[in-house]
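Undergrad: coords please:
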Amino acid sequence: MTATPSADEIRSQVFDIVAKQAKIDVATIRDDSTLTDLGLASLDAIEVIFDIEERFDISFPEQGINFATGTAGDLVDAVGRVLAAGDQQ
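TA: Numbering: from 1, shown residues only. Predicted structure coming up:
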């Protein structure tokens, strides 16, 4: 079993995925940036979720992320919660 990544590692990987999908510099992403502020349409956001799930080998709950108001920080927190829950199983 692999070790759970740190919060900083999760943030870095999530921000990399978001930046790639949004075609922006990762340095422009902040925790309080919404996915729509970053130029991600709903289909782009779904791709972000798929990429995150694949990268971390996790599955988000159906209603886990609110694309309209969710922030990059919310995404990082959600990944951390899912990873932590998986470690407890």
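Undergrad: what's the helix or strand for the residue nearest the centre of the chain?
TA: With distances taken as Cα atoms, centre = their mean, residue 75 lies nearest the centre of the chain, 3.9 Å away. Counting by DSSP states H and E, the element that carries residue 75 is helix 72-87.
Undergrad: nearest residue to the residue nearest to the centre of the chain in space, please, no chain neighbours.
TA: Nearest non-adjacent residue to residue 75, counting by Cβ to Cβ, 6 or more residues apart in numbering: residue 14, 5.4 Å away. No exception for glycine: its C-beta is placed from N, CA and C like everyone else's.
Undergrad: quick one, what contacts that neighbour?
TA: By Cβ atoms under 8 Å, 6 or more residues apart in numbering, the contact set of residue 14 is 52, 72, 75-76, 79.
Undergrad: top of the residues you listed by number of neighbours, please.
TA: Top of the contacts of residue 14 by neighbour number is residue 75, holding 26 neighbours under the definition other Cβ atoms under 10 Å.
Undergrad: how deep is residue 74 tucked in, by neighbour count?
TA: The number of residues near residue 74, taken as other Cβ under 10 Å, comes to 17.
Undergrad: quick one: residue 77 from residue 40, how far?
TA: The gap separating residue 77 from residue 40 is 18 Å, by Cβ to Cβ, to the nearest Å.
Undergrad: more crowded one of the two?
TA: Set residue 77 next to residue 40 and count neighbours by other Cβ under 10 Å: residue 40 wins out with 21 against 17.
Undergrad: my guess is that one contacts residue 22. True?
TA: Yes. Residue 40 lies in contact with residue 22 (Cβ atoms under 8 Å); the separation is 5.3 Å.
Undergrad: and stretch 71-89, C-alpha only, in CSV?
TA: Only the C-alpha atoms of stretch 71-89 are listed here, as CSV (Å, rounded to 0.1, in the frame of the first residue of the first chain):
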residue,chain,number,x,y,z
THR,A,71,-12.8,26.3,-5.8
ALA,A,72,-9.5,24.7,-6.5
GLY,A,73,-9.0,24.5,-2.7
ASP,A,74,-12.3,22.6,-2.4
LEU,A,75,-11.0,20.2,-5.0
VAL,A,76,-7.8,19.6,-3.0
ASP,A,77,-9.8,19.2,0.2
ALA,A,78,-12.1,16.7,-1.5
VAL,A,79,-9.2,14.6,-2.7
GLY,A,80,-7.7,14.6,0.8
ARG,A,81,-11.0,13.5,2.3
VAL,A,82,-11.5,10.6,-0.2
LEU,A,83,-7.8,9.5,0.3
ALA,A,84,-8.2,9.7,4.1
ALA,A,85,-11.4,7.7,4.0
GLY,A,86,-9.8,5.0,1.9
ASP,A,87,-6.9,4.7,4.4
GLN,A,88,-9.4,4.0,7.1
GLN,A,89,-11.1,1.1,5.3
